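**Q** Would you be able to build a 3D model of this:
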Amino acid sequence: MTMQTDILAGGSAIGPALWRIRLLIGLVALHFLGIYAACLLLGHPFGSGTAATLISLLQLQVPLFLVILLFWRFGWMIVKVRPRRPITWFANDLKDTLLDRDRIFTGIFAFLAMCLFAGSFTVGKDLIPLINPFSWDPTFAWLDRALHGGTDPWQLLFHLTGTPAITTAINAAYHLWLMLAYFLIFVACFNVSRHDKHRHYLVADVLCWVIGGNILATLFSSVGPVYYEAFGYGADFVPLMDTLRAFHEISPVWALDLQAMLLDGYMNDGPVRGISAMPSMHVASTVTMTLYAFSVSRVFGWIMTGFAALILVGSVQLGWHYAIDGYFSIALSLGCWALARRLLRGFA
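**A** Residues are numbered from 1 along each chain as shown. Next up, the predicted model:
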């Protein structure tokens, strides 16, 4: 095939690729324009140090994702396919994937759309206290106690998980969340041309972050237990934070450094700030990942269910969130999953 033919074939694949993910691109574009308009109205620069940090982390992880996928495909060949000539089969499989224009072009456009969305989302998160100053924390703290027999949920959790070693393990899972979220988005983007379940996940994920992480987070502007005292609400959660610091002397609790960095960024107008508690986007996005996992494999779905439960526990134990943040986030994710399905039917 000549170079000219290659270019024409590639060009002919661009239109169908963009059309296939037009709903995703439309949602990302509307969100971008909305955040940009809000910045203009508030006189706030359209930019976020958090976005730059997140995209840098993503760039570092993409090569690792490719290696993981290669090992996964090799394992699939050994366990499921069992070809007589494994090296030849694997080479041909890799060649077919790389020459699949639909997969490659759709994946690139979807991935770029998700990167653009990550940038505009973090800008929107920085705008929260400018639009609606933090004020809901006393209400959520009261609701938490009312729902849990008059006791803060973290105190109930610590009867089961309140040791330095367990807290470190929970914190490790909480940090693993970002890599897993990136990985599943990467996988979905480069499989979106294969099956609607991947497109469903990407649209649901965007809806969840927009509705939960920007709109509802602004309406219910709150900082979470970790910053309860720093924002003048009282010393209710000082025992929790003192316990975490004591644990850190024995076994690392990495969340403490990140929490201090976010507070410093907020107080001193630093590049990374983005404080927001309700709803818990860690929990909401993990539930969305779990729904996606069930659409791929029941076994993977149940593994992700356990991970989602761990993230819910971690959100409370590490002081990031009130338990009610997580409960609300589960409902949010389920609602966005259903809404994505309905929207996709209209764009079939």
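**Q** and the one helix or strand residue 180 maps to, which residues are buried?
**A** Using DSSP states H and E, residue 180 falls within helix 164-189. Buried residues in helix 164-189, counted by 16 or more other Cβ atoms under 10 Å: 164, 166-168, 170-171, 173-174, 177, 180-189. All C-beta atoms are positioned from the backbone trio N, CA, C, and that covers glycine.
**Q** Could you list every helix and strand that that helix packs against?
**A** On a contact count with 3 or more Cβ pairs under 8 Å, 6 or more residues apart in numbering; DSSP states H and E, helix 164-189 meets helix 49-76, helix 101-126, helix 196-208, helix 238-248, helix 281-296, helix 298-317.
**Q** same thing but at 10 Å, please
**A** Under the contact definition 3 or more Cβ pairs under 10 Å, 6 or more residues apart in numbering; DSSP states H and E, helix 164-189 sits against helix 49-76, helix 101-126, helix 153-161, helix 196-208, helix 238-248, helix 255-267, helix 281-296, helix 298-317.
**Q** so how far is that helix off the chain centroid?
**A** Helix 164-189 sits 10 Å away from the centroid of its parent chain (Cα atoms, centre = their mean, to the nearest Å).
**Q** model confidence over that helix, on average?
**A** Model confidence over helix 164-189, given as mean pLDDT, is 93.
**Q** how far off helix 101-126 does that helix point, in degrees?
**A** Orientation note: helix 164-189 sits at an angle of 130 degrees relative to helix 101-126 (axes from the mean of the first three to the mean of the last three Cα atoms, to 10 degrees).
**Q** relative to helix 153-161, how tilted is helix 164-189?
**A** 100 degrees.
**Q** oh, and call the first residue 26 from now on, that's how I've got it
**A** Shifting the count to begin at 26 puts that one at helix 189-214.
**Q** what's the angle from helix 189-214 to helix 323-342?
**A** Using the same axes, to 10 degrees: helix 189-214 against helix 323-342 is 130 degrees.
**Q** What residues sit buried inside the helix or strand hosting residue 242?
**A** Take DSSP H and E as the rule and residue 242 turns out to sit in helix 242-244. Of all the residues in helix 242-244, those buried under the rule 16+ other Cβ under 10 Å are 242, 243.
**Q** could you check the angle helix 306-321 makes with the helix or strand where residue 351 lies?
**A** Secondary structure from DSSP H and E places residue 351 in helix 348-371. Following the same axes, to 10 degrees, one obtains 40 degrees for the angle between helix 348-371 and helix 306-321.
**Q** Packing partners of helix 348-371?
**A** Helix 348-371 packs on helix 47-67, helix 162-172, helix 178-186, helix 221-233, helix 306-321, helix 323-342, going by 3+ Cβ pairs under 10 Å, 6+ apart.
**Q** again, only this time at 8 Å
**A** On a contact count with 3+ Cβ pairs under 8 Å, 6+ apart, helix 348-371 meets helix 162-172, helix 221-233, helix 306-321, helix 323-342.
**Q** quick one, phi psi at residue 161?
**A** phi -90, psi -10 (degrees, to the nearest 10).
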